[in-house]
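A.B. asks: Sequence below, structure please.
(one chain, ligands or ions: 1)
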Amino acid sequence: MSDQSSAARTVLVTGGNRGIGRAIAERFIAAGDNVVVTSRSGGDGPDGAYTVQADVTDSASVNAAFKEIEGKFGPVEVLVANAGVTKDTLLVRMKDADFQDVIDTNLTGAFRVVQRATKGFMRLKHGRIIFISSVVGYTGAPGQVNYASSKAGLVGMARAVTRELGSRGITANVVAPGYIDTAMTQELSDEVKDNYLSMIPAQRFGHVEEVAGAVEYLASDAAAYVSGAIIPVDGGLGLGH
Ligand code: NDP
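C.D. replies: Below you'll find the model as predicted:
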């Protein structure tokens, strides 16, 4: 059994300058890994991370970011596809662009980084992919036809990657957070927040560190035989789905 945990790994977290991605980056930094975060805006990641500006909707930008990372730290060994956006509106009002923009960032954006990272994984015969999906990907939510479709798509992507690359030491898993206290959820109205709280068995929103813990596990040696799985971090909100 290989022991990857003793050496610093190169970890890439997309959208690691704030929210959940930032907490994930902090967790890997604390473990002594070489951590690179991308942000669309160029906003810096946490102390100890190397930040690269990259837009996951643009393949050339993703490719340039990987070249920079590989030049500095060698191939990426752990990829956390976390960058995501919402553009909520009811189905009848949803414009093509509202749907396409969310898919292009959340789903096709993940495809772009996974495809690029896989070149290095295949050379290394080792790689960990963790997709940040959402409970909404399997429960659905009104006003989120675009977002729910994109997050459900990540499950299919993880499972297709597992079937295609599982024999090469590569795992692909999904973390599905429920309602986590970040800028994305702070935008919700009090009415919507109270409604969700009433449905969450834990009776509270989650913390970014709780999502980071699940990601850390999936990237660890302990999870070498876990692939195509979904770990919910949702206080029980998605129970039964
Ligand atoms: P934030 O809105 O706080 O952060 C989103 C991150 O994604 C930012 O770093 C942002 O970069 C980056 N990003 C957005 N678009 C692009 C793009 N085109 N290219 C590159 N980076 C981009 O979100 P959260 O931390 O709340 O969410 C992180 C992930 O977790 C998302 O995928 C979200 O869907 C998912 N999630 C969140 C939940 C929650 O309750 N918060 C629940 C379930 C899932 P920049 O700052 O530069 O714009």
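A.B. asks: Check the offset of the lowest-mean-pLDDT helix or strand in the chain from the chain's centre.
C.D. replies: Ranked by mean pLDDT, DSSP states H and E, the helix or strand of the chain with the weakest confidence is helix 183-186, at a mean of 81. Its chain's C-alpha centre and that of helix 183-186 lie 16 Å apart, by C-alpha atoms, centre = their mean, to the nearest Å.
A.B. asks: Likewise for stretch 32-50?
C.D. replies: The answer for stretch 32-50 is 15 Å, by C-alpha atoms, centre = their mean.
A.B. asks: again, but for stretch 112-121
C.D. replies: 14 Å.
A.B. asks: is any part of that stretch close to the ligand?
C.D. replies: No: using C-beta under 6 Å from any ligand atom, stretch 112-121 stays clear of the ligand, coming no nearer than 9.2 Å. C-beta: built from backbone N, CA, C; applies to glycine.
A.B. asks: Check the average confidence over that stretch, would you?
C.D. replies: For stretch 112-121, mean pLDDT rounds to 98.
A.B. asks: continuing past the longest helix belonging to the chain, what's the next helix or strand?
C.D. replies: Using DSSP state H, we find that the single longest helix of the chain is helix 145-165. As assigned by DSSP states H and E, the chain's next helix or strand after helix 145-165 is strand 170-177.
A.B. asks: quick check: mean pLDDT across that next one?
C.D. replies: The model assigns strand 170-177 a mean pLDDT of 98.
A.B. asks: pLDDT value on the residue located most distally from the centre of the chain, please?
C.D. replies: Among residues of the chain, the one most distant from the C-alpha centroid is residue 92; the distance is 28.8 Å, by C-alpha atoms, centre = their mean. Note for residue 92: predicted pLDDT of 98.
A.B. asks: Please apply the same query to the one 10 residues further on.
C.D. replies: At residue 102 the predicted local distance difference test score is 98.
A.B. asks: wouldn't it be in contact with residue 85 here?
C.D. replies: Yes: contact criterion C-beta atoms under 8 Å: residue 102 and residue 85 qualify, at 6.1 Å.
A.B. asks: Of the two, which one has the most company?
C.D. replies: residue 102 (25 against 18; other C-beta atoms under 10 Å).
A.B. asks: contacting residues for the more buried one?
C.D. replies: 85, 86, 87, 146, 147, 149, 150 (C-beta atoms under 8 Å, 6 or more residues apart in numbering).
A.B. asks: Kindly report the same for residue 235.
C.D. replies: With contact set as C-beta under 8 Å, 6+ apart, residue 235 has these partners: 178, 179, 200, 201, 202, 203, 204, 205, 206.
A.B. asks: ok, for the fourth one, nearest residue in space, not its chain neighbours?
C.D. replies: Just to be clear, that refers to residue 201. residue 236 (3.4 Å; C-beta to C-beta, 6 or more residues apart in numbering).
A.B. asks: ok, back up a step: format the contacts of residue 235 as CSV; extra columns: distance to residue 77, secondary structure and neighbour count.
C.D. replies: Below are the contacts of residue 235 laid out as CSV (distance: C-beta to C-beta, whole Å; DSSP: H, G, I helix; E, B strand; the rest coil; neighbours: other C-beta atoms under 10 Å):
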residue, distance to residue 77, secondary structure, neighbour count
178, 28, coil, 24
179, 31, coil, 24
200, 34, coil, 19
201, 36, coil, 10
202, 33, coil, 13
203, 38, coil, 10
204, 34, coil, 11
205, 32, coil, 20
206, 27, strand, 21
